[in-house]
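J.: Dropping a prediction and its sequence here:
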Amino acid sequence: MSTLLDRIRRPATTGDDRCWPCTVANGVVLSLAIGLLTITGRRVAAALVALGGAAAIGLRGYLVPYTPRFAPRLVAALSLPVDPFDHGDERGRGSLSDAGVAAAGAGNGDGTGSETGDRDESRPAETETEPPSGEAVVTALIEAGAVVPAGDDLVLDNSFRTEWRREMMRLRGCDLDELAAAADELTESSIDARVGRNWRGRASTVRLEGEGPAGRTASLREAVAVAELAAARALESRIDNPAVRIAAGQPLRSLLAECPLCDGDLTVTRSTCCGEVTPISSTPPAKLACPDCDVRLFTYD
């Protein structure tokens, strides 16, 4: 019996990983089927369907075959104001450098920032709001010795890897409120960092919101927040410009070898999760993930 149950169970869509919108949707379908059978006088069949359907939803997370595949596309087509699948910024794409955060402290262009709003009038105003380019960030990381060339690739310098890991260990014990407070201190006043909540009202992310019509929002999962906040802190002794330090977190995440939360080995995978939409005939992008924590650290485009 246990072998049969093990074959039926779907750990990826049950337990802590259960997709509740899928469960609720399948529960509604099951209720309609039971109601229809009951109305037509087939009560025995209704009872059997109820037992079988409840068991399927309990063990597999869904009753209707391929729900995890078609439900996300259906939700995407409906353009709902919230993401019922609770995947945030495509699970791993949210970054401190989003929502205009990368421009924090770049007012004078010398890495010191400006708390009073004063700026060098000889410089164009755009330099105060434009984040550093990807090329500028990579150049700064190389010049600072944080990353070093290895053939055609870049890898973390051993000393910086140690410093970054030390900062991650300090932050991994923080809850989301403390991580949001750390992000709020790191970013400029026009960026509001707070705890983001999912559709169930539970704390799930560090949410960044930029002010004004040009302000954007970003949601960072705990692992991403720990990695990027720790990177910004580890770079303080190497890079003066705070805008570059903040923007560096995202590319540095792609070079991680261990999980910021558990120190487990990270793997590169193309597997998808419930709620992720992949266009038809397209290959899912590669992701850097921790299989032990079930968290995604980076999505390679």
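T.: Nice, I can see it. Quantities reported herein were computed from a predicted structural model and do not represent experimental measurements.

J.: where do the strands sit along the stretch 51-200 of the chain?
T.: Here the stretch 51-200 of the chain has its strands, by DSSP state E, counting those that start in this stretch, at 147-150, 153-156, 191-197.

J.: okay, the ones you listed, which one's buried deepest?
T.: Burial of those is given as mean neighbour count (mean count of other CB atoms under 10 Å); strand 191-197 ranks first at a mean of 19. Every residue, glycine included, has its C-beta placed from N, CA and C.

J.: List the neighbouring strands of that one plus their orientation.
T.: Neighbouring strands of strand 191-197 in its sheet, by DSSP bridges, are strand 203-210 (antiparallel).

J.: List the buried residues for the strand it pairs with?
T.: Residues of strand 203-210 classed as buried: 204-210 (neighbour count, 16 or more other CB atoms under 10 Å).

J.: quick one: which of those is nearest residue 245?
T.: Distance to residue 245, by CB to CB, is smallest for residue 208 among these, at 15.7 Å.

J.: Please give me every residue in contact with residue 195.
T.: Residue 195 sits next to 176-177, 180, 203, 205-207 when contact means CB atoms under 8 Å, 6 or more residues apart in numbering.

J.: okay, who's weakest in the residues you listed by pLDDT?
T.: Within the contacts of residue 195, residue 203 has the lowest pLDDT, namely 83.

J.: what residues are up against that one?
T.: Contacts of residue 203 by CB under 8 Å, 6+ apart are 175-177, 195-197.

J.: change it to 6 Å
T.: Taking CB atoms under 6 Å, 6 or more residues apart in numbering, we find residue 203 in contact with 176, 195, 197.

J.: Can you lay out these as TSV showing distance to residue 269?
T.: Shown next, in TSV, are these (distance: CB to CB, whole Å):
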residue	distance to residue 269
176	25
195	28
197	28
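
J.: any idea how far residue 245 is from residue 57?
T.: Counting by CB to CB, to the nearest Å, the separation of residue 245 from residue 57 is 47 Å.

J.: If you drop the residues flanking it in sequence, what lies closest to residue 183?
T.: Excluding the flanking residues, the one nearest residue 183 by CB to CB, 6 or more residues apart in numbering is residue 193, at 3.9 Å.

J.: Report the helix or strand with the lowest average pLDDT across the protein.
T.: Every helix and strand of the chain was ranked by mean pLDDT, DSSP states H and E. The lowest is helix 67-78, at a mean of 61.

J.: which residues of the stretch 101-250 of the chain score low on pLDDT?
T.: Within the stretch 101-250 of the chain, the segments meeting pLDDT under 70 span 101-129, 199-200, 212-215.

J.: what about the helices in it?
T.: In the stretch 101-250 of the chain, the helices defined using DSSP state H, counting those that start in this stretch lie at 134-143, 158-171, 176-186, 222-234, 242-247, 249-253.

J.: Since that was my last question, I'll sign off now.
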